[in-house]
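[1] Quick one, fold the following:
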Amino acid sequence: MTDMIDTSPRIALIHALEESVLPARSAFAAHWPQAKAFDLLDTSLATDLAARGSLDAAMTERLLTLGRYAAATQGTAGPAKAILFTCSAFGPAIDAVKRALPVPVLRPNESAFAEALALGGRIGLMVTFAPSLPSLTQEIREMAGAPVDVTGVMVEGALAALKAGDGATHDRLAGEAAAKLAGVDTLILGQFSLARARPAIEAATGLRVVTTPEAAIRGLKRAIGI
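    Just a heads-up that it's a prediction; the model follows:
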């Protein structure tokens, strides 16, 4: 009997926050169920970054180790066709992984940023993990290649509520913060864990909202030619 060959693409998801796992999985189930996604999780990355205040060479090497491991794993679908990082605070380290590996490697926000920039207008950028905001603001401005109007907002207390199991408070705080934004055409929810708050934000604002998990899946498909 000939063994069945699994042609579904194998996609590695690398997480630094456990709150990113479920949104990523939910997005794949809804928008790309054929993909064979698997998870690598190191929550110490986020806590260490918050404690140190900035990326260093040792942390970059840790992400390189995770990337190399993800690229080397084999399953019935063969090796990973692409790698998606889901934590938004590690952009420069993820770029180092991109340079080191032969497979497509995506930062969590690059596809969402590209979509928001293509839509044009003024952009809002919402996060719940404070170290993400400076690097993400710089990243979208560099991607734009021209002056772009970006308003950043950090939702205080939302991530702590989510970590405590209080998703309703997380979503309410995100909606309240979004409602205070003025002069914004498109709002990017800059972390995977924020995607769950999209209905509350849309109800509070009527804004055009781009979530990172869904945009990332579209970006992954383009990266591997689907």
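
[2] Would you quantify the distance from the closest residue to R52 other than its chain neighbours to A96?
    Leaving aside its sequence neighbours, R52 sits nearest to M59 (CB to CB, 6 or more residues apart in numbering; 7.6 Å). Just so you know, the C-beta spots here come from the backbone N, C-alpha and C atoms, and that holds for glycine as well. For M59, the distance to A96 (CB to CB, to the nearest Å) stands at 10 Å.

[3] repeat for I14
    13 Å.

[4] which residues are in contact with the host helix or strand of the residue nearest to R52?
    Per DSSP states H and E, M59 falls inside helix 57-72. Helix 57-72 is contacted by residues 12, 14, 40, 42, 45, 48-49, 52, 79-80, 83, 85, 90, 92-94, 96-97, 100-103, 105 when judged by CB atoms under 8 Å, 6 or more residues apart in numbering.

[5] Could I have the CA atoms of that helix written out in CSV?
    Extracted in CSV, the C-alpha atoms of helix 57-72 (Å, rounded to 0.1, in the frame of the first residue of the first chain):
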residue,chain,number,x,y,z
ALA,A,57,21.5,40.0,21.6
ALA,A,58,20.6,37.1,24.0
MET,A,59,16.9,37.5,23.3
THR,A,60,17.4,37.7,19.6
GLU,A,61,19.4,34.5,19.8
ARG,A,62,16.5,32.9,21.7
LEU,A,63,14.1,33.8,18.8
LEU,A,64,16.6,32.5,16.3
THR,A,65,16.7,29.2,18.2
LEU,A,66,12.9,28.9,18.1
GLY,A,67,12.8,29.8,14.4
ARG,A,68,15.5,27.2,13.5
TYR,A,69,13.6,24.6,15.6
ALA,A,70,10.3,25.4,13.8
ALA,A,71,11.9,25.2,10.4
ALA,A,72,13.6,21.9,11.2
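
[6] tell me the mean pLDDT for that helix?
    In this model, helix 57-72 has a mean pLDDT of 95.

[7] So which bits of it are buried?
    Within helix 57-72, the residues scored as buried using 16 or more other CB atoms under 10 Å are 59-60, 62-64, 66-67, 70-71.

[8] mind listing what S193 touches?
    S193 touches 17, 19-20, 23, 128, 159, 162, counting by CB under 8 Å, 6+ apart.

[9] Please render the buried residues of helix 57-72 as CSV that adds distance to A30 to the earlier fields.
    Shown next, in CSV, are the buried residues of helix 57-72 (distance: CB to CB, whole Å):
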residue, distance to A30
M59, 32
T60, 33
R62, 31
L63, 27
L64, 31
L66, 26
G67, 26
A70, 23
A71, 26
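
[10] Tell me, how many residues neighbour T169?
    Counted with other CB atoms under 10 Å, residues neighbouring T169 total 15.

[11] correction: A164
    So A164, with other CB under 10 Å, has 10 neighbours.
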